[in-house]
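**Q** Kindly generate the corresponding structure for this input.
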Amino acid sequence: MLRCAPYLLPFRVWKGLGVGLFLLAASCAPVAEPPTRIAPVQVNYLLVDKSDRELLAYADGVVVRTYTGLQFGDAMFGHKQFEGDERTPEGRYTIDTRNPKSSFHLSLRISYPNAADRAYAESQGLSPGGDIFLHGQPNTMPLGRMSGDWTDGCIAFSNAQIEELYALVADGTVIDIRK
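**A** Below is the predicted model of the structure:
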């Protein structure tokens, strides 16, 4: 498509041509089309690396987003086994629901505990816990970001990061969490 804009000529040339020719030239010069906006991709696999504090988001086997600086439970290393142990689960789960009215900006729930997690905790006479989320920062917090590991086993992102991830991830997306 052609759009009209003035040709880039020195002022002395425009002055010599007169206003009429300037207006004619200004009304019909070709201009490149602005780039079209590319729709966001649908992410179908998430990989969390607790040691590197990052989440890699994949679409059909290709990394399309990387989120860094993640925050975890106070006991960051080791697999979550019991309610209150402040650990983030390790293993394969799915995103099973989303909460647009979360107390932590936005949140995506992880399907922890699975059958093996429940069986182990029950064999020890304890609850495996639950309600593990990928989420933003607390809504009650002033602008900024909490520092250090502070969740009860969830994975915290900046609000901007969770907004983008929330839009890219559907329920049922597989998430692998590794140490």
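**Q** looking at this protein, which helix or strand does the model trust least?
**A** Lowest on mean pLDDT, DSSP states H and E among the helices and strands of the chain sits helix 11-26, with a mean of 46.
**Q** What strands line up against the following helix or strand past that helix, and which way round?
**A** For helix 11-26, the succeeding helix or strand toward the C-terminus, using DSSP states H and E, is strand 43-49. Within its sheet, strand 43-49 is paired with strand 54-59 (antiparallel), strand 169-178 (parallel), according to DSSP bridges.
**Q** Could you list the buried residues of strand 43-49?
**A** 43, 44, 45, 46, 47, 48 (16 or more other Cβ atoms under 10 Å). To be clear about C-beta, it is placed using only N, CA and C from the backbone, and glycine gets the same treatment.
**Q** and if you look at stretch 65-82?
**A** Using 16+ other Cβ under 10 Å as the test for burial, stretch 65-82 gives 65, 67, 70, 71, 72, 73, 76, 80, 81, 82.
**Q** doesn't residue 88 make contact with the fifth one?
**A** Put plainly, it is residue 72. Yes. Counting by Cβ atoms under 8 Å, residue 72 touches residue 88, with 4.6 Å between them.
**Q** Touching both of those two, which residues are there?
**A** Listed as contacting both residue 72 and residue 88 by Cβ atoms under 8 Å, 6 or more residues apart in numbering are 50, 151, 153, 154, 155.
**Q** Most neighbours out of the residues you listed, which is it?
**A** The residue in the shared contacts of residue 72 and residue 88 with the most neighbours, by other Cβ atoms under 10 Å, is residue 155 (27 neighbours).
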